[in-house]
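A.B. asks: need the 3D shape of this:
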Amino acid sequence: MLGKLPNGQLDNRPSSIRFASNAPVLYPNLSFLEGGVLALPTLKDVAQHVGVSVSTVSRVVNNDTSRHINAETKTKVWQAVRELGYQPNETARKLVRNEKDAPRKATRQIGCIVAGAHLRDDHPYFSPILNGFNKKMIEAGYTIAFIHTAGELADEAALHRIGQEQRVDGVMIIGWIDQAIIDYLKQCQIAVIGISTTGDGIAVIDYDRISAAKAAVDHLLEQGHTRIGFIGGFGHTRKLDSEERYQGYKFALYEAGIPLSSQWIIDTNWVVDESYSQMTALLTSCKEDELPTAFFSASDMLAIPAMRAVIEQGKRIPEDIAFIAMDNIELSQYTSPPLSSVHVPKHEIGAVAAKTLFDQLQGNYPLTPKVLLPYELMIRQSSVFARNEQYARPGELSEAMERRS
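C.D. replies: Reported below is the predicted structural model:
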């Protein structure tokens, strides 16, 4: 029904709508005309708010690149768009007009955001997770609408299109992304779930990385190793210390009374080539009695090139240097020798994430749980070699005796 203006005439203007006094409003900064008529913000309102021309605002919201607009202006425009509740197309305006009846119409489409492009390709760890997620969502009647990277969404126009135009019911996030992206999706009434992420206010499906890493290092300790190195990369703060598998490695050494040697830490920044080159550099620069006898790698993908470097330098695995890693990707059983690894239930993580997201969409999860799935040690030839007195390097036996005493 059309509202009435103060003069008694019917209000049939396309840019204004009437809300009941107690109706929920998605954008709190929207203004009202007399008689409770809602005035939708226009391009002119946004332009005045920012202090730029209407044409500049139009180019930003429509991602028009025919003329250069600096990044600071774009940021201010999008901030004003969110604050004022401006809707740049008719579809989004219809959402506001129907707010009191249906806050968000279901589309049965799901989006996915990954931390980097390498996770979107045929990744040996994350691809099985995506497959498990996709299979369960299809069974529930949902389809995957897009897979974007966090870098692609650094463009606020792209992020705005996800929230206001692509009309997905939910989004799965894989890896560490900016909290602002998560907050924006939630403001758009989109259900969000995370895998291998640290996002606040969302359900997360994962496994206990700290405990799993400690179990792997404990296995090396049980084999008699006392000089254990680490291969890995940064965590969610972009620093190595925030990486949970590194924390598990340090905890195992601390519990065993073994000091940490920074010389044996290979920080690859998750670049596979760095694992090979840094391991080669370590092996060629250190004396025999200064080298680790074992390495724990935060991923199979980093362990495999490091193992190649060891073999190329004329050393034996596991007799000279043993290896154990994480993820148990399919390739790990085919290395020479086969790589010991912590099995992570990748397909199951994706399936549980899909079930959790579906339950959220059905309104069955008022809280945001963190679900940790079990892991399993897969012991193979790369780490099975007990280091006794016969095979101890110079200095190893005396170090072990000191700890025992």
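
A.B. asks: where does Gly141 land in three-state SS?
C.D. replies: coil (DSSP: H, G, I helix; E, B strand; the rest coil).

A.B. asks: was I right to think it contacts Thr107?
C.D. replies: No - using Cβ atoms under 8 Å as the test, Gly141 is too far from Thr107 to be in contact (11.3 Å). Using the backbone N, CA and C atoms, a C-beta is placed for each residue, glycine as well.

A.B. asks: those two - which one has more neighbours?
C.D. replies: Between Gly141 and Thr107, counted using other Cβ atoms under 10 Å, the more crowded position is Thr107 (14 against 8).

A.B. asks: excluding its backbone neighbours, what's nearest that one?
C.D. replies: With sequence-adjacent residues excluded and distances taken as Cβ to Cβ, 6 or more residues apart in numbering, Thr107 is closest to Arg167, at 4.7 Å.

A.B. asks: and Tyr184, what does it touch?
C.D. replies: When contacts are counted by Cβ atoms under 8 Å, 6 or more residues apart in numbering, Tyr184 touches 82, 159, 163.

A.B. asks: now do the first one, the pLDDT please.
C.D. replies: What that stands for is Arg82. Confidence per residue is given as pLDDT, and for Arg82 that number is 73.

A.B. asks: can you check Gly229 too?
C.D. replies: Reading off the per-residue confidence, Gly229 sits at a pLDDT of 98.

A.B. asks: so it, which of the three states?
C.D. replies: Recorded secondary structure, Gly229: strand (three-state DSSP).

A.B. asks: just checking, it touches Ala294?
C.D. replies: Yes - the pair Gly229 / Ala294 is scored as a contact, 7.2 Å apart, by Cβ under 8 Å.

A.B. asks: neighbour count: the two, which is higher?
C.D. replies: Using other Cβ under 10 Å as the criterion, Gly229 and Ala294 rank with Ala294 on top: 27 against 23.

A.B. asks: list the contacts of the more buried one.
C.D. replies: Taking Cβ under 8 Å, 6+ apart, one finds 220, 223, 225, 227-229, 318, 321-324, 383 in contact with Ala294.

A.B. asks: if it is in a bridge, with which residues?
C.D. replies: Ile228, Ala322 (DSSP bridges).

A.B. asks: which outside residues touch the biggest helix by length in the chain?
C.D. replies: Secondary structure of the chain per DSSP state H: the longest helix is helix 346-361. With contact meaning Cβ under 8 Å, 6+ apart, helix 346-361 is reached by 106, 110, 125-126, 128-137, 140, 142, 169-170, 172, 191, 193, 195, 203, 205-207, 327, 365, 369, 371, 373.

A.B. asks: got a ChimeraX select line for the buried ones in these?
C.D. replies: In ChimeraX, a selection of the buried entries from the contacts of helix 346-361 looks like this (16 or more other Cβ atoms under 10 Å):
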select :110,125,126,128,129,130,132,133,134,136,137,142,169,170,172,191,193,195,203,205,206,207,327,365
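
A.B. asks: what's the closest non-adjacent residue to the residue nearest to the spatial centre of the chain?
C.D. replies: Central residue of the chain (Cα atoms, centre = their mean): Gly175, 1.3 Å from the mean position. Taking Cβ to Cβ, 6+ apart, and ignoring the residues beside it in sequence, Gly175 has Ala115 as its nearest neighbour in space, at 2.8 Å.

A.B. asks: again with His49
C.D. replies: Spatially, and ignoring its direct neighbours in sequence, His49 is nearest to Ala80 (4.4 Å; Cβ to Cβ, 6+ apart).

A.B. asks: low-scoring stretches of the stretch 251-400 of the chain, by residue?
C.D. replies: Under the criterion pLDDT under 70, the flagged ranges of the stretch 251-400 of the chain are 365-366, 387-400.

A.B. asks: wait, Trp78 sits on Ala158?
C.D. replies: No - in terms of Cβ under 8 Å, Trp78 does not count as a neighbour of Ala158; the distance is 10.8 Å.

A.B. asks: neighbour count for the two, which is higher?
C.D. replies: The neighbour comparison of Trp78 against Ala158 (other Cβ under 10 Å) goes to Trp78, with 22 against 14.

A.B. asks: next structured bit after the helix or strand harbouring Ala157?
C.D. replies: Take DSSP states H and E as the rule and Ala157 turns out to sit in helix 156-164. The C-terminal neighbour of helix 156-164 among helices and strands, as given by DSSP H and E, is strand 170-174.

A.B. asks: that following strand to helix 346-361, inter-axis angle?
C.D. replies: Comparing the axes of strand 170-174 and helix 346-361 via axes from the mean of the first three to the mean of the last three Cα atoms, to 10 degrees yields an angle of 150 degrees.

A.B. asks: got the buried residues for stretch 235-245?
C.D. replies: Burial within stretch 235-245, assessed by neighbour count using 16+ other Cβ under 10 Å, is assigned to 235-236, 240, 243-245.

A.B. asks: farthest pair in those residues?
C.D. replies: For these, with distances taken as Cβ to Cβ, the pair at the greatest spread is His236 and Arg245 (12.3 Å).

A.B. asks: any common contacting residues for those two?
C.D. replies: Between them, His236 and Arg245 share no contacting residue under Cβ under 8 Å, 6+ apart.
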